[in-house]
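Asks: Pasted the sequence and its predicted model underneath.
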Amino acid sequence: MIFDEFNPSEDKILRVIDNDGEVIRPDLIPDLTDETVVKAYKTMLFERVADEMAISYQRQGRMFTYPSNKGHEAIHAAAGMIIGPDDWLVPAFREIGVMLAKGVTMKEIFLYYNGNEHGSNFKNAPRVLPVNVPIGTQLSHAVGIGYSIKYRKKNDIVFTFIGDGGTSEGDFSESLNFAGVWQVPVIFTIQNNQYAISVPVSTQTKSVNLAVKSIAFGIPGIKVDGNDFFAMYLAYREASEHARTGKGAVLIEALTYRSGAHTTSDDPSRYRTKEEEERWGLSDPMPRLKKFMERKGIWKEDEDSLRDQYKNEIDNQFLEAENFAPYSLDDVFGYMYTEMPEDLKKQKEEYEQFLTWKGSRR
Amino acid sequence: MIFDEFNPSEDKILRVIDNDGEVIRPDLIPDLTDETVVKAYKTMLFERVADEMAISYQRQGRMFTYPSNKGHEAIHAAAGMIIGPDDWLVPAFREIGVMLAKGVTMKEIFLYYNGNEHGSNFKNAPRVLPVNVPIGTQLSHAVGIGYSIKYRKKNDIVFTFIGDGGTSEGDFSESLNFAGVWQVPVIFTIQNNQYAISVPVSTQTKSVNLAVKSIAFGIPGIKVDGNDFFAMYLAYREASEHARTGKGAVLIEALTYRSGAHTTSDDPSRYRTKEEEERWGLSDPMPRLKKFMERKGIWKEDEDSLRDQYKNEIDNQFLEAENFAPYSLDDVFGYMYTEMPEDLKKQKEEYEQFLTWKGSRR
Amino acid sequence: MVQAINNALDIKLSEDKNIVVYGEDVGVAGGVFRVTEGLQKKYGAERVFDSPLAESAIVGTGLGMALAGLRPVVEMQFDGFSYPAFNQIISNVSRMHNRSRGKFNVPMVIRFPYGGGINAIEHHSESPEALYAHIPGLKVVVPSTPHDAKGLLISAIESDDPVIFMEPKRIYRAIKQEVNDEKFTIPIGKAKILTEGTDVTVVAFGAMIRECQRAMAMAEEAGISVELIDLRTIYPIDKETIKNSIQKTGRMVVVAEANQSFSVGSELIAIANEEAFLYLEAPPKRVMGFDTIVPLAQGEKYYMITPERIFYEIEKTINY
Amino acid sequence: MVQAINNALDIKLSEDKNIVVYGEDVGVAGGVFRVTEGLQKKYGAERVFDSPLAESAIVGTGLGMALAGLRPVVEMQFDGFSYPAFNQIISNVSRMHNRSRGKFNVPMVIRFPYGGGINAIEHHSESPEALYAHIPGLKVVVPSTPHDAKGLLISAIESDDPVIFMEPKRIYRAIKQEVNDEKFTIPIGKAKILTEGTDVTVVAFGAMIRECQRAMAMAEEAGISVELIDLRTIYPIDKETIKNSIQKTGRMVVVAEANQSFSVGSELIAIANEEAFLYLEAPPKRVMGFDTIVPLAQGEKYYMITPERIFYEIEKTINY
Ligand SMILES: Cc1ncc(C[n+]2csc(CCOP(=O)(O)OP(=O)(O)O)c2C)c(N)n1
Ligand SMILES: Cc1ncc(C[n+]2csc(CCOP(=O)(O)OP(=O)(O)O)c2C)c(N)n1
Ligand SMILES: [Mg+2]
Ligand SMILES: [Mg+2]
């Protein structure tokens, strides 16, 4: 198992191609068809374009705060290829690519960041949970879902995600510990993008890396170059085999870089240097995979026209989100309980009465 | 450093004498004077006698629920010998021996378990925190104290304790992680007494041991035979040197057995076997150290008369606790704030008025 | 009451394979109060089991199970140890239905013993109902008798919304009552008028009902007719029953152990004002815990509410 | 207001070596709202710093520091992220003084931005003052202007008891006010009458003060004389000021963003009854958040309380 070779205690990292797209571990390159590789690149491209557009909608004042996914595409594409239709996805909030792979639509994602809860009711993705904002709390949900899978003797698995900063939260440890004890089919991914907003990972922990934290919970862990699509694919394939065959949970640290700002409200120049950004830019997962394909001569598409096509598609999705039914008072009250309590009915009625008021004494 | 030799990843355990008191690692036996060893045994004996008496007071209906410390004496005696007058103690609730070493009195301990908060105001032990009941929450207090020591450039250190069960709480991980990042002088001890009430440590975690969790926080960890006084002494001596010289925190897993019930309200026969208890009985820290001393011919005291002497002393302490000033209404209201808010004054007055009432209409 | 709760769990476990019961010491040992005794033996360790010691994960995994179609009933060992799970409860359990626009239900029960009067150490005597009732998206239920505990717990387990189920530990074994062995339910959200009366409405719940009944005996002697209402559910609170009663009696006394400020008592006074202002003949009164930490055992004689104190305040309200 | 808070921290940091300021992103970046901007540069990374991302440990270590003689001022990044620290706050911070019989003081401030109206995603618009005010042993303070923020924060830092300091993020930059650069304090536990009036008492705090003032303009036009009270401190609550005002006006309207049930509004109605029952001419009214989760941005237009709605309820109370 790849987890044995790349022992996080020794701070090894699983990497298959280098920044120039050259294969450095030919023995480990997954046997994917050329089409599959090209397709993976295209899903990454789609995610990147979507990300750029989201930021631009936000700048245009057509959307609220949005957290960029730029730089995380290889992780998402690889997970998206391994996650099955009956598998569960328990996201944090920076996994758009995986959500899309599970059937979530950009329309829904836009709707959410447009400030409408309907964007979290993924119509074509029954086994995807809404974005989870309170850092770290999603992991135990994944473990509980894992328990239910095991309880029912199914072989579905659960993918769940957290950031490097999130590993400091008690919920991270509690969840991985439960996963170890219960031996549930959950793949935990730490997207180590070097920052929690402005705080570098060196301020989060003194452990040699994040994957090594798996030792505290008795589950396999591995540190992977998260900007290397093939490495991520391989890690997920092995992790999924492990989890699907009843061997329990695994922890993957995917080393990447948050190329953009934390969110559209953030300004990274306050806490990191241009040089650092440029240095990490060299390992950007997209040119890297592109170079691999070019070397192999399997890239024959015109990226610009692909981009245009995606932009079009995404813009249509955005317009659908923009034209979604206006937010109603029912949207405020209607989903608090499976049946609305009397009290809420009354609060709603009173408010409706107020809405009909014209300001009598004025 | 001893922490390097006994690497918890390999599940090694630091042990110096065996169950028969025979020295198995002569190179590691600390160079303590005979008197010091005898004194250590006596403090252990005192703790054990105090524990027996506490249980008996409880049985007599003269005290409320009490958690036995039986079996943990070697850990406490060793810590008690290393902890200095200016060092801090942040206990959980099963460290009576260490509290005594820091100047807490049995009277105070009895007063506390007699249901009076004054038992937590340790008059001769300014740097001892009250017993901490919400599992795991004490560790971050220790880290904060450690920070203040570092901030003031002192070389005091902090001793803090937790149980095996407590390692599952998020607060455990958060605290050790902070301690790693802040590099504070804190010695964390896990008293792994095999059970959290009825739950065995195998249900708490799948990590190979508890000391290995230190890896997740980048601090040294070691698994020690907690029933071996010399091993514990050695571990604490090295840990204290480490912490006192600015090298930061360490984690010690002290392997022991909760020989008694969880508390006087508990009945261990519901969840563990007599055989298991007997098996662990063989490594009881007290006969073990006694055998060592007898082999060496340094034990010349009469244990029975020592016991009688301690009993006397302890009973006097208990009587003092029993005769403590009766609980007053001021004790309920008087310590909520540094100054009593109007509101509380009024609640107190109203209650005093009620106390003067004789039931007018009856 | 312990037996009635055990029986409710037993009935539901046998009826519905989706129900799992877990928490600290609930499996092998059957709970520190023996509430889950025998259930692991009967239903196996996959359905009734001990978890690691971590309340946040107990609740968080429970939420996950609920989202995946199970119906977990998790235990917090004591009131004061529900707080490590507070974030999961307020940030996720109470919100997932709304957050997902009803895509996900959260059929989950979080049970714990609550309240003082058992000579316990700190954190074992808390009455946090106001904290949970203030959180939108939860239901909060407190039984006062074995019969109610059974019927309400079965309803809680059958609820598709998350329920905080607080068990008055002080009367876990103090109240003896024959409880029907069959399955029955008691609706959540409805208070019960335990005794009709005309002079003053006394609203209470949980362990305080018994104290109120003792106070009522004194009141009766004094010629005061008390209408005693057992709230049963703290949220959704049954305003209708309270309103009708106050409109009849014109007076209200609320009895609860919790710290009085920003409490269920405050809310009941607000309700009395909103629903029955013109009927009020005396200021509604809280007979509640001081705004202090529940003292250790020796101080409980002051803190815990006695029938005498309830009667004293009833009388004062009557004589206002 | 951001500047006033920064200035308060600056003054105290320069005055007292025992003060340390930390939390998520408060150091290098100066806070997500720039409240701590420049302080790390000025006072060094030992006194103003970024911690790992773990609220429970931030508060727990703060408590430890306070016990050892420091005076920590810790930040929770948002209201909704104070909950992971809830257990530390309710179980230890609020209790250590009482638990140790006054041996240990807890001079510690837990600050966080609170409230809605900024188009934020979930968990960033919470008003948890009732949760914290219900916890005995804490003080809970909410300023409504830059001037008050400064004076109250300095008092909070100088308090030997733990203080929850909630900053109305909605008006962090919305209210411009010249604030004296010198050190000054404003007492905790005292409300302020912002405008005297005779017809109705309006009690509010934080960001709602501004909305109330706008409503008052409407009320004035309608010939209604409003007495506006800024609570400033939620606990210990200033009953005296409230009592005197209600005894004068006979009417009360409470305005707050939080979920209305089991809230500060409930408590104020209880106080009105306990302190001024015979003076009440209309039922005291809560104009507060619905008992729902604060909706995402699109729904805030319904949830957030407007001057119109306040005026509407004032008028209804007057016409009762
Ligand atoms: C419990 C909690 N505390 C604080 C926040 C505010 N916050 C949002 S994202 C973030 C940083 C997260 O960093 P990381 O886990 O590395 O994930 P990334 O944003 O880099 O993907 C913080 C502090 C939060 N959402 N939840
Ligand atoms: C947060 C919290 N949850 C539950 C409890 C109840 N409780 C008291 S002791 C205990 C077991 C502790 O086990 P361990 O940490 O191994 O310590 P030990 O009792 O064995 O010394 C539990 C569950 C508690 N005190 N605090
Ligand atoms: Mg990150
Ligand atoms: Mg233990």
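Replies: Done, it's in. Ligands and ions are numbered 1, 2, ... in the order given.

Asks: Which helix runs longest in chain A?
Replies: Scanning chain A for the helix with the most residues, using DSSP state H, yields helix A:34-59.

Asks: quick one: buried residues of it?
Replies: For helix A:34-59, burial by neighbour count (16 or more other CB atoms under 10 Å in any protein chain shown) applies to A:37-38, A:40-55, A:57-58. Just so you know, the C-beta spots here come from the backbone N, C-alpha and C atoms, and that holds for glycine as well.

Asks: Just the pLDDT at the residue of the stretch 1-150 of chain C found nearest chain A, thanks.
Replies: Proximity of the stretch 1-150 of chain C to chain A (CB to the nearest CB) peaks at C:Gly64, 2.2 Å away. Here, the pLDDT recorded for C:Gly64 equals 98.

Asks: ok so, going back, next structured bit after the longest helix of chain A?
Replies: helix A:73-82 (DSSP states H and E).

Asks: That following helix and ligand 3 in contact?
Replies: No - against ligand 3, helix A:73-82 shows no contacts by CB under 5 Å from the ion, the least distance being 12.2 Å.

Asks: Tally up the residues packed near whichever residue of chain A sits closest to ligand 3, please.
Replies: In chain A, the residue that lies nearest ligand 3 is A:Gly163 (3.7 Å; CB to the ion). By other CB atoms under 10 Å in any protein chain shown, the residues close to A:Gly163 number 28.

Asks: what does A:Arg307 give?
Replies: Other residues near A:Arg307 come to 15 when the count uses other CB under 10 Å.

Asks: ranges for the strands of the stretch 1-150 of chain C?
Replies: For the stretch 1-150 of chain C, applying DSSP state E, counting those that start in this stretch gives strands covering C:19-23, C:48-50, C:71-75, C:109-114, C:139-141.

Asks: How many residues are close by the closest residue to ligand 4 within chain C?
Replies: Nearest residue of chain C to ligand 4, counting by CB to the ion: C:Leu53, 9.1 Å away. C:Leu53 is flanked by 30 other residues according to other CB under 10 Å.

Asks: Look at A:Leu282 and say how many residues are nearby.
Replies: 11.

Asks: nope, A:Ile24 is what I meant
Replies: If you count neighbours by other CB under 10 Å, A:Ile24 ends up with 12.

Asks: From what I see, it and A:Arg15 are in contact.
Replies: Yes - using CB atoms under 8 Å, A:Ile24 is in contact with A:Arg15, at 6.5 Å.

Asks: Report the next helix or strand after the helix or strand harbouring A:Ser240 in sequence order.
Replies: In the assignment (DSSP H and E), A:Ser240 maps to helix A:229-244. Sequence-wise, the next helix or strand downstream of helix A:229-244 (DSSP H and E) is strand A:250-255.

Asks: counting contacts, what elements does that following strand pack onto?
Replies: Packing partners of strand A:250-255 (3 or more CB pairs under 8 Å, 6 or more residues apart in numbering or on different chains; DSSP states H and E): strand A:186-192, strand A:221-225, helix A:229-244.

Asks: Nearest to ligand 1 among the ones you listed would be which one?
Replies: Nearest to ligand 1, of all the helices and strands packed on strand A:250-255, is strand A:186-192, at 5.8 Å by CB to the nearest ligand atom.

Asks: tell me the angle of the closest one relative to strand A:221-225?
Replies: Taking axes from the mean of the first three to the mean of the last three CA atoms, to 10 degrees, one finds strand A:186-192 and strand A:221-225 inclined to each other by 40 degrees.

Asks: who does the next helix or strand after strand A:186-192 pair up with?
Replies: Of the helices and strands lying after strand A:186-192 in sequence (DSSP H and E), the nearest is strand A:195-196. Next to strand A:195-196 in the sheet, as set by DSSP bridges, lie strand A:199-200 (antiparallel).

Asks: tell me the mean pLDDT for the partner strand?
Replies: The pLDDT scores in strand A:199-200 average 98.

Asks: residues in contact with the residue positioned nearest the centre of chain A?
Replies: The centre of chain A sits closest to A:Glu95, judged by CA atoms, centre = their mean, with a distance of 1.5 Å. A:Glu95 sits next to A:69, A:72, A:76, A:79, A:89, A:161, A:191 when contact means CB atoms under 8 Å, 6 or more residues apart in numbering or on different chains.
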